[in-house]
Structure formats: structure tokens, C-alpha cells
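Colleague: I would like the atomic coordinates for the input below:
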Amino acid sequence: MSNQDDDRFRARPSAPRQRGDAFINKVMRQTNKAGAELGKTVGKVGHRPGSRLGRGHVAARFAGASLTPSARRVMIKARLVNLAKAGPRSTTAHLRYIEREGVDSQSGPGHAYGPTTDAADTAAFEEHGREDRHHFRFIVSPEDAEQLDDLRTYTRHLMARLEADLGTRLDWVAVDHWNTDNPHTHVVLRGKDDVGKDLIISRDYIAEGMRRRASELATEWLGPRTELEIQCAMQREVDQERWTGLDRTLQRLAVDGFVRSEKLAEPRLQRQRQMLIGRLQHLQRMGLASVQQPGTWTIHPDAESTLRTMGERGDIIRTMQRAMSGRQRDLAVFQPSEDGRSIVGRVVGKGLADELHDKGYLIVDGTDGKAYYVGLPTRSELEHYPTGAVVEVKGSTDVRAADRNIIGLAVDGVYRTDHHLAVSQGQATPDRDPREVVAAHVRRLEALRRAGIVEREAEGVWRVPNDLAERGRQYDVQRLGGSVAVELKSHLPIERQARIIGATWLDQQLIGGGKGFGDLGFGGEAKQAMQQRADFLAEQGLAERHGQRVILARNLLGTLRKRELTQAAKDITAETGLEHRPVSEGQPVVGIYRRNVTLASGRYAMLDDGLGFSLVPWKPSIEQRLGQQIAATVRGGGVSWQIGRHRGASIC
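Modeller: Numbering: from 1, shown residues only. All right, here's what the predicted structure looks like:
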């Protein structure tokens, strides 16, 4: 190299590398904590651990500097979602939830919008963010949302202020919800900035800065709260049986667990003093506070958790009352019991108990005459439980009776279906079909085989471990993601089940004698529907009436299922011109998954091999394979699915 070349040399340092993405991972952990602790005061802004990491940490210090006690209040809930852990369908499911029916101001479906469009393409938004590391979810709930009227414009102005604070354009969609007492907006924000790098937002900005910007904007639009509005808001909190703003103020005023009257007499608390004293007296009547001496109160340590629980319980009761529409029922919250008790009933209402985390609930009108609130496991799909459907709810942590039976029938660790069938036939009763009993156990074994817990050595022969019951219980807990399991017994209301060709839930109740049905509500209606069903079966030659006694045909469920499948196959043949190919026990079926067909006997997948089609029992796990070639094998009423022809990973 010449001296002239040396003179022209210029250092060009590249951007610093993020080794192992350690910096981003650290920020994401801190940001996640901020979302969990939103609304709590944990030190001062700028002094929390990790507060200077990420965009917006400077803006968080100065946001809300002009706010006064008369400013409009806005609550913001935040969640950072790690898309790798949440799963590929997490964003799609959340967008579908927030756009569901009945959430807009006219009780119609929600409508997603963006910064410049009133009709956002949520499919394209999800597609663009599919490779993102994370995204953010916010719920923005102004206290005076009804006065704001135009939440859409308010949200756009708020997001513009966030862009200014964070120093980047933001890619987001939002949906306004007007179906609750507090209208609010759901915002989904991609985790990328305007140059395609991971968007890291300061913990302080998420915890405080956003809320202050939202409060500033609401105050600019509506003006400060009047003295009367402030007094009325506090007055409403005095007698509430939930954790309130007055409780938070008392919590901050407590010194060594005591709230003293001289502290309440400070000038800054003049407007609140009478309300705070009234709240203390109400807590005392509830047993959550006590007077140590005149002018000195102590609030019990568990007051916050107790009040939060009471608030949640009150919300549940109001939700149940709305769902029951004035029908008189005893109301209860379903709790798994040690004796494995389950409930069966009709879905009369459903929704999201936690819209930020997509945790749903069902309101079930039980056969015992009670109405139950059922909290669903995480990631449960509400669309799987249509209103009017019949479901069974039980604890997912219970050991399954089928697993106990399999262990009891196994000889030297081997379970045989022929042995089980012989035992069942020896114990047969009119309400139990031995073949259906064995088929149910085979379906369970197929599921456990796919989980690697049991092995199928030959047709009808299974190798099972000695600890099958416990391993099966752990499998159920992990699969269901919660302590409650909900099984869809029929997607059809009982009114439609009464006169239809197909193996229905009512047929199963007729076989079992309809035990445990009450006379009130769904139990009484189910009894009437069973009588109508018995009359219909008699018309079809599948039952005989002898006075009040009904004698059902042998293999009733199998006969009804076969008739319905035959008719469904004829309809598809007339529509497509394809020949129906019946499914044989143990023989693989290969084809392109075209669609699913919902029948009274259950849901079936249509597999098209180009010349003909087969109908195979459907499973939720194959829905993402729509339009792809897959293989299925039916054994004993159960089905196992594989990608491609006899090879590839099992998918359900």
C-alpha cells in the first residue's frame, strides 16, 4: 500500500452487534414486568430498574407535567406478547376476538381501523407481522369515553403523540368497543419501528407515559373535570365492594399500617377528606379495617386482595344475570372438585373475562337447575362453543376414568381391546353399548400415543405404563392450559336434536336413562326434548314404546351415524360429482383436505383424492392444513392424522 493510499484511508465502523440479542431480551423482560405492574406505583419515573432502556424513557419524565388533579382520567392496560411463545395464530385469534359480534355502538361486529383507514385489512396486518419477535396490545379506557363520542379520532391523535414521543412511525390497528359500561379501544401495535428494527419501548413509558398522554388529550378535548364531577366520582367509590381509588389513596397515606386523622387533614386532601373517612368506616363495617384509637385506623393486610376478589365476583354475577335474561336460577362459579364432579348444560352466554389475554368464559344453564360461570383455559376458542350448544364441564386435573379402566384391564402392561370387549359384554346393560365403551377407550389411547405415553404394538393391542393415570392427568393439564376442561357434546340446540337423523346428545341420554336432570330450566327442557326424540325414533323404526317405557334399537348410535353420513355423502356427490369412498377400519385414507362438514353426529373432514372423497372424523389440529394433502387412519371411532402419505409428522 502506498503512502497516498494511507492518506486516503478512512475508518468505517459498522453498527454494533447485539450478541445473542441480550439487550433486546433484557428490555422485553423489563417491559413485560411493566405491563404486569401497570397502575401500581413502584418508585419514581426514571428510577425503576431498566427505566432508561428503550424508546420513550425521556418522554416518560416530562409527559403529564401540566396535569392537575382535575385532569380527565384514562386507564391503560398493556401487554407485550412474545409471538414465538404465544404461537403463530395468536395475533389472528386476538384480532378475531376484538372484531367479534356485538361490540360496536349498534351491537354489531367490531370494525378495525388504522392511522389513515377506517377499514383496516387485519389479514394483511397479521401477515406483515408474522416474522416479528413481539407485538404490543393496549386497552385504552377513558373514564369519560361516552362524552368523547369519537373514540376513533381520539385514538388516532393519541397514537400520533406516541409516535412523537417514541421517535418512529408506528404500525397499528384498533377496534372500539361499546358493549360495556366503560367504552374502550383495543390497539394492536407491531413490534417493529419504521426501519424494520425491533421496537423496544421504555418500561416507564408503558407504565406512566402513555396514560399521561392519554389523560392530556382527553382533558384538552373535554376540559378539566368540574368540582361536582370529582365529588360525584369519589362519592360513588365510598360504598363500592371493590378496590377503588380511595383505597389506593389510603394505602399511600398509611404509615406502619396506620392511617391517622392528622394525615387526612393535610391541605392537599381537603377535597377528599370526608370521602376517605367514609371509606374507612365502610371498610370497618366490612371487617377490613378497625379503629385502634380515636382518629387512628388500621387497614387489614388482606384488604386489597379481598376487595379485588369481591369486585371480580360482582362482575361475574352481573354478567350471569345479563346472560340469563331474568330467568330464575341459583348462580354458581364452577370449581373443580376432588370427587371429579362435572356439570352438563346449555351454553347461554359467552365472552372474554380478560380481553388483553384472550381468556374467555361460558355461562352454562345446567341440567341440575343451576347456572354456572365457567372460566375457560388460556387459548380456548369461543367459536367452538356456539350459543345453545350442549357442553360438559369438569376439572382437567382429575384422573380420567378411562385411564383407570385401562390400567385395571391391562395384563403385564398390555391392554387388549378384545379382552375389554368381552368384559364389557359380560357387564352389558341396556344403557351401555359395549362397542361404544371400547371405542371411547381406544380414542383416549390414540391421544396418549400421539403424546408418547403409550405404544400400539398391533391392531387392538397397546403397551401402557404403570403410571398411566398420573401421566394422563399431567397430559390433560398441559394440553388444556388450565384446571377446567370443556367438552362439546353437541353443537346443536336440543330443539333441533329432537327430530333429526344423526347420533345426537339426546340419543345418548335416552340410552343412559336421563339421570340427574332437574325440573327447572335446561334440565326440564331436556326431559321434554327426550320424549320428543323417542317419538321421532319410533317413527323411524328405531324405537318402540310400551306405555312409559321406550325400547331402543340395538346399536342405535351407529345406525343413526351411518344414515346421516350416507345422506351427507349423497349431497356432496350431487354438488361436486365426486364418488364417495367409505372409510374402512384401520385403512389409511389420503387426500386433500377441502373443508369440514358439521353434522348432528359430529364434525367431519372431507378428503379429496381427485376421483372421490371420504368423510373422516374432524379434529381442530387439522384446520391449519386446509388445502393440503394429509392422511388419516380410523380405528375404533378414533382417528390419527399425518401429513402426506403414510409419512411425516403426526399433527393430532
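
Colleague: secondary structure element for Ala332?
Modeller: strand 330-333 (DSSP states H and E).

Colleague: that strand pairs with which strands?
Modeller: Strand 330-333 pairs in its sheet with strand 370-375 (parallel), by DSSP bridges.

Colleague: for the strand it pairs with, what does the pLDDT average out to?
Modeller: Averaged over strand 370-375, pLDDT sits at 93.

Colleague: next one: stretch 620-631
Modeller: Stretch 620-631 carries an average pLDDT of 85.

Colleague: same deal with stretch 185-193?
Modeller: 95.

Colleague: how about Leu170: what's its closest non-neighbour residue?
Modeller: Once flanking residues are discounted, Leu170 sits nearest to Glu163: 5.3 Å by C-beta to C-beta, 6 or more residues apart in numbering. Backbone N, C-alpha and C define where each C-beta goes, glycine included.

Colleague: list the buried residues of the helix or strand hosting that neighbour.
Modeller: Here Glu163 sits within helix 151-166, counting by DSSP H and E. Neighbour counts over helix 151-166 (16 or more other C-beta atoms under 10 Å) mark 151, 154-156, 158-159, 161-162, 165-166 as buried.

Colleague: now stretch 247-254
Modeller: In stretch 247-254, counting by 16+ other C-beta under 10 Å, buried: 247, 249-250, 253.

Colleague: figure out how far that stretch is from the centre of its chain.
Modeller: Centre-to-centre, stretch 247-254 and its host chain are 34 Å apart (C-alpha atoms, centre = their mean, to the nearest Å).

Colleague: circling back to that earlier point, now, the buried residues of stretch 247-254 that are in helices?
Modeller: Members of the buried residues of stretch 247-254 lying in helices (criterion: DSSP state H): 247, 249-250, 253.

Colleague: so which of those is the closest to His135?
Modeller: Distance to His135, by C-beta to C-beta, is smallest for Asp247 among these, at 33.2 Å.

Colleague: these two touch, right, that closest one and Leu307?
Modeller: Yes. Using C-beta atoms under 8 Å, Asp247 makes contact with Leu307 at a distance of 6.6 Å.

Colleague: Ile551 against Glu544, yeah?
Modeller: Yes. Between Ile551 and Glu544 there is a contact under C-beta under 8 Å: 4.7 Å.

Colleague: for the stretch 51-200 of the chain, just list every one of the strands.
Modeller: 74-82, 134-142, 172-177, 184-190 (DSSP state E, counting those that start in this stretch).

Colleague: how about the CA coordinates for the third one, as CSV?
Modeller: Taking only C-alpha atoms (Å, rounded to 0.1, in the frame of the first residue of the first chain), the coordinates of strand 172-177 have been written out as CSV:
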residue,chain,number,x,y,z
TRP,A,172,-51.1,-0.5,14.4
VAL,A,173,-54.8,-1.4,14.1
ALA,A,174,-57.5,-0.6,16.6
VAL,A,175,-61.1,-1.6,17.4
ASP,A,176,-63.5,0.4,19.5
HIS,A,177,-65.8,-1.5,22.0
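
Colleague: rounded mean pLDDT for it, please.
Modeller: Mean predicted lDDT for strand 172-177 stands at 95.

Colleague: show residues contacting that strand.
Modeller: With contact meaning C-beta atoms under 8 Å, 6 or more residues apart in numbering, strand 172-177 is reached by 95, 98-99, 103-105, 110-115, 120, 122, 125, 151-152, 155, 159, 183-190, 355.

Colleague: mind listing what's buried along that strand?
Modeller: By neighbour count on 16+ other C-beta under 10 Å, the buried set for strand 172-177 is 172-177.

Colleague: is it correct that Glu457 falls within a helix?
Modeller: No. Looking at Glu457 with DSSP: H, G, I helix; E, B strand; the rest coil, it is strand, so not inside a helix.

Colleague: and for it, the neighbour number?
Modeller: The tally of other residues near Glu457 (other C-beta atoms under 10 Å) stands at 12.

Colleague: on the pLDDT front, check it for me.
Modeller: 91.

Colleague: quick one, strands of the stretch 401-550 of the chain?
Modeller: 414-416, 455-458, 461-463, 484-490, 543-546, 549-552.

Colleague: so which residue is dead centre in the chain?
Modeller: With distances taken as C-alpha atoms, centre = their mean, Lys359 lies nearest the centre of the chain, 3.2 Å away.

Colleague: phi, psi of it?
Modeller: phi -100, psi 120 (degrees, to the nearest 10).

Colleague: which strand residues bridge it?
Modeller: Asp354.

Colleague: does it touch Thr378 like I think?
Modeller: Yes. Under the criterion of C-beta under 8 Å, Lys359 makes contact with Thr378 at 6.0 Å.

Colleague: mutual contacts of Ile551 and Glu544, please.
Modeller: Counting by C-beta under 8 Å, 6+ apart, nothing touches both Ile551 and Glu544.

Colleague: switch the buried residues of stretch 247-254 over to CSV; also include distance to Gly326 and pLDDT.
Modeller: CSV is the format used below for those (distance: C-beta to C-beta, whole Å; pLDDT from 0 to 100):
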residue, distance to Gly326, pLDDT
Asp247, 33, 90
Thr249, 38, 89
Leu250, 38, 91
Leu253, 43, 88
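
Colleague: out of those, which two sit at the greatest distance?
Modeller: Asp247 and Leu253 (10.8 Å).

Colleague: need the pLDDT of the residue nearest to the centre of the chain.
Modeller: On the pLDDT scale, Lys359 gets 84.

Colleague: now Arg12
Modeller: At Arg12, pLDDT is 47.

Colleague: and the nearest residue to Tyr154 once chain neighbours are set aside, how far is that from His135?
Modeller: Of all residues beyond its chain neighbours, the one nearest Tyr154 is Leu148 (5.3 Å), with distances taken as C-beta to C-beta, 6+ apart. Between Leu148 and His135 the distance is 26 Å, computed by C-beta to C-beta, to the nearest Å.

Colleague: those two: which is more packed in?
Modeller: For Leu148 versus His135, the count of surrounding residues by other C-beta under 10 Å is larger for His135: 25 against 19.

Colleague: my guess is the more buried one contacts Leu189. True?
Modeller: Yes. Using C-beta under 8 Å, His135 is in contact with Leu189, at 6.2 Å.

Colleague: any idea how far apart the tips of stretch 124-135 sit?
Modeller: End-to-end distance for stretch 124-135: 15 Å, by C-alpha to C-alpha, to the nearest Å.
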